[in-house]
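> Sequence and predicted structure, then a few things I'm wondering about:
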Amino acid sequence: MITRTRRSLAFRIGVVTVVVALISVLVAALVSLGLVRGVAQREGRRQLGREAVLVAGLAPRRTVAPKVRTLLVKSGIRLVLVGADGTTRGRLPLPAGDVRALLAGRDISRVETLDGQRVYVEGRPQDGGGAVALVQTARLTPNDQREFFRRELLACLIGLVVAGVAGALVARRLARPLQHTAAGARRLAAGERSVRITPEGPAEVAEVADAVNTLAGELEHSEARQQDFLLSVSHELRTPLTAITGFSEALADGVTTGDQVPPVGAVLLAESRRLDRLIGDLLDLARLQAADFPIEPVPVDLRGLLRESATVWGARCASVGVLFRLEEPPDPLLVTTDPTRVRQIIDGLAENALRVTPAGAPIVLAVRAEGAEAVVEVRDGGPGLTPQDFADAFNGSVLYQRYRGIRRVGTGLGLAIVHRLAIRLGGGAVAGPAPEGGARFAVRLPRTQRPSGESARI
């Protein structure tokens, strides 16, 4: 495989700057050449006109002194004498219109094409009749052209030098902060999360450094959360495993016998179920991140689904003295979604609410339509959460770590599973205070199924 050598940004900027300067100088040369030619033509015609006036005064009888003729020839000027009868004497015939104008007493001053050449024609009538016309080729002299091109070449060289220096300075100004940013990104990729880059250079380049700094901060925060999550899960796994191991050894060693066996068996069963629930939550959380997580949308009546859930959770609330209430719309609320996943969301939120709600306080299951969305709510009269808690509610195990040992907590994964399930169903979840005094968790679902993973407005 052939690898192409990449040119540096500094090299490319330098080349572009020099090329732009070269093109600018050439364009300026072409434009200035036209201007110089125009000025030279005006000056040449003016000078030729003065000479025509002089020659007209020196040739009153259609004769010109040999010295004057010699001077005119050396200057590249051709002389035409016009008689009073319209006849012309000279090496170049004048157009009939010019002859008539001169005999009428009018000056002529124009640029014409005679014998295939572009020439200046300056004619002046004489006092005694007749006229004098001078004709000169309309072009820059060789000396003028050489001087012009010499100066243009000098300007081109100066422009290239200035462009090269300016390009090098600009390239260095741009490339150096980008090199620092690239070095920081490589350190970040190597696992160094404390990388911070000083923003410098132009605004766009500084924004790249700010973006890398933001990425480094988010990675550091994310990895810290992952580490806390792993520590939390490890602790949760170790607790039931320790209990299972201890009681199992007691049974195996014959320490636990007789009437002590059933209570030990109950403990082993409870801890096994707890361990199974934790592992199930971890598996659900992992599966929700997979692209092939199964979602089977079908037409569903959310009011009927909530009624089924209310039958179960109403009985569970009554068994522990918690007041239960169902809020439902008067008509069926039809949506296209996966009923199994919606029931999983409701059960997760209800389980979370029942865990923290004391006897005598309410738990409310509610469903309603809001425009193109359906809202499923679980509200409780528990101890509630702080604004920071609401912001962190769906981050796995954050509330678990915050309230472990203070109030009853689950595995710390339930709300994270609810949030990701809601997103996979095309909606979203939000947490806030409830009018009953505790917390309110609401899930918004589109009335028509969206592509999996598309978040709804929350």
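Nice, I can see it.
> is it true that Leu333 touches Val367?
Yes. Shown here, Leu333 and Val367 form a contact pair, counting by CB atoms under 8 Å, at 6.1 Å. To be clear about C-beta, it is placed using only N, CA and C from the backbone, and glycine gets the same treatment.
> of these two, who's got more company?
Val367 (25 against 21; other CB atoms under 10 Å).
> Beta-bridge partners for the more buried one, please?
Val376 (DSSP bridges).
> Distance of it relative to Ile295?
20 Å (CB to CB, to the nearest Å).
> And for Arg100, nearest residue in space, chain neighbours not counted?
Gly86 (7.9 Å; CB to CB, 6 or more residues apart in numbering).
> Would you map the strands across the chain?
Assigned by DSSP state E, the strands in the chain fall at 77-82, 88-90, 108-114, 117-125, 131-137, 298-301, 323-327, 334-337, 362-370, 373-380, 428-433, 439-446.
> OK, contacts around the residue lying closest to Ile108 once chain neighbours are set aside?
In space, and not counting its chain neighbours, Ile108 is closest to Gly123: 4.0 Å by CB to CB, 6+ apart. With contact set as CB atoms under 8 Å, 6 or more residues apart in numbering, Gly123 has these partners: 52, 82, 94, 98, 101-102, 107-109, 131-134.
> For Gly123, list each beta-bridge partner.
If you apply DSSP bridges, the partners that Gly123 bridges to are Ile108, Ala133.
> got a pLDDT number for it?
Note on Gly123: pLDDT of 86.
> how near is it to Leu72?
Distance from Gly123 to Leu72, by CB to CB: 14 Å.
> How many neighbouring residues does the residue nearest to Arg100 have?
12.
> same deal with Arg444?
22.
> can you pull out the helices in the stretch 251-400 of the chain?
Shown for the stretch 251-400 of the chain, the helices assigned by DSSP state H, counting those that start in this stretch span residues 261-288, 302-319, 339-356, 387-392, 398-403.
> wait, which of these is closest to Val20?
Nearest of the helices of the stretch 251-400 of the chain to Val20, taken as CB to CB: helix 387-392 at 51.9 Å.
> List the buried residues for that closest one?
Buried residues in helix 387-392, counted by 16 or more other CB atoms under 10 Å: Phe390, Asp392.
> elements contacting that helix?
helix 398-403, strand 428-433 (3 or more CB pairs under 8 Å, 6 or more residues apart in numbering; DSSP states H and E).
> and these, which one is worst for confidence?
helix 398-403 (a mean of 67).
> re earlier: list the residues that contact the residue nearest to Arg100.
Gly86 touches Val99, Arg100, Leu103, counting by CB under 8 Å, 6+ apart.
> Now intersect those residues with the helices, please.
Val99, Arg100, Leu103 (DSSP state H).
> out of these, who has the most neighbours?
Val99 (21 neighbours).
> OK, contacts around that residue?
Val82, Gly86, Thr88.
> same thing with Leu103?
Val82, Ala84, Gly86, Pro125, Gly130, Ala131.
> which among the residues you listed end up buried?
Using 16+ other CB under 10 Å, the buried ones in the contacts of Leu103 are Val82, Pro125, Gly130, Ala131.
> quick one: contacts for the last one?
Pointing back at Ala131 there. Counting by CB under 8 Å, 6+ apart, Ala131 has contacts Ala56, Leu81, Val82, Leu102, Leu103, Gly123, Arg124, Pro125.
> Can you pick out the most distant pair from the contacts of Leu103?
So, the contacts of Leu103 by CB to CB: farthest apart are Gly86 and Pro125, at 12.6 Å.
> re earlier: relative to Asp98, how far out is the residue nearest to Arg100?
11 Å.
> can you check Gly105 too?
Distance from Gly105 to Asp98, by CB to CB: 13 Å.
> Give me the more crowded residue out of those two.
Set side by side, Gly105 and Asp98 show more neighbours around Asp98, with 22 against 12, by other CB under 10 Å.
> my guess is that one contacts Leu134, does it?
No. Asp98 is beyond contact range of Leu134, at 11.8 Å (criterion: CB under 8 Å).
> Which neighbours do these two have in common?
Val121, Gly123.
> hang on, the earlier thing: can you check which of the helices of the stretch 251-400 of the chain gets nearest to Val418?
helix 339-356 (4.8 Å).
> and the closest one, what does it pack onto?
Using 3+ CB pairs under 8 Å, 6+ apart, helix 339-356 sits against strand 298-301, helix 302-319, strand 362-370, strand 373-380, helix 414-424, strand 439-446.
> can we see that at 6 Å?
Judged by 3 or more CB pairs under 6 Å, 6 or more residues apart in numbering; DSSP states H and E, helix 339-356 is in contact with helix 302-319, strand 373-380, helix 414-424.
> how about the longest one: buried residues?
Using 16+ other CB under 10 Å as the burial criterion, the residues of helix 302-319 that qualify are Leu302, Arg303, Leu305, Leu306, Ser309, Ala310, Trp313, Gly314, Cys317.
> just the angle between it and strand 439-446, please?
Counting by axes from the mean of the first three to the mean of the last three CA atoms, to 10 degrees, helix 302-319 lies at 160 degrees to strand 439-446.
> What of the last one?
For helix 414-424 against strand 439-446, the angle by the same axes, to 10 degrees is 20 degrees.
> can you tell me the average pLDDT over helix 414-424?
So the average pLDDT for helix 414-424 ends up being 83.
> Would you pull up how far that helix lies from the middle of the chain?
Between the centre of helix 414-424 and the centre of its chain there are 30 Å (CA atoms, centre = their mean, to the nearest Å).
> All good on my end, thank you.
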